[in-house]
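In: Sequence unavailable; structure follows:
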């Protein structure tokens, strides 16, 4: 939406709100961290959805809506694994 994305991983790693996990050998702990990451990503995507709606950018709005729908399904599946 008018900005230039970063082009290298090191910049993404510095600015990301999702931090890299340490070595994890416990499957339950790994799924918990995946769910926490999805929570962050979905919140950011909802912000993008709002911005694209305000900008009358139907293409981006539809894309973000599709991403959110797919990721919410993944969240449901991972959460059902934990319970």
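Out: Yep, that arrived. Owing to the predicted nature of the structure, the values given are computational and were not obtained by experimental measurement. Residues are numbered from 1 along each chain as shown.
In: In contact with the one residue sitting closest to the centre of the chain, which residues are there?
Out: Centroid check for the chain by CA atoms, centre = their mean gives residue 41 as the closest residue, at 2.3 Å. Residues near residue 41 by CB atoms under 8 Å, 6 or more residues apart in numbering: 18, 71. Yep, even glycine has a C-beta here, placed from its N, CA and C like the rest.
In: Need phi/psi at it.
Out: phi -60, psi -40 (degrees, to the nearest 10).
In: What separation do you get for it and residue 23?
Out: 22 Å (CB to CB, to the nearest Å).
In: Also residue 16?
Out: In terms of CB to CB, residue 16 sits 19 Å off from residue 23.
In: Which one of these two is surrounded by more residues?
Out: Neighbours were counted for residue 16 and for residue 23 using other CB atoms under 10 Å; residue 16 has more, 13 against 4.
In: contacting residues around the helix or strand bottoming out on mean pLDDT in the chain?
Out: Lowest on mean pLDDT, DSSP states H and E among the helices and strands of the chain sits helix 9-15, with a mean of 87. Applying CB under 8 Å, 6+ apart, the contact partners of helix 9-15 are 6, 20.
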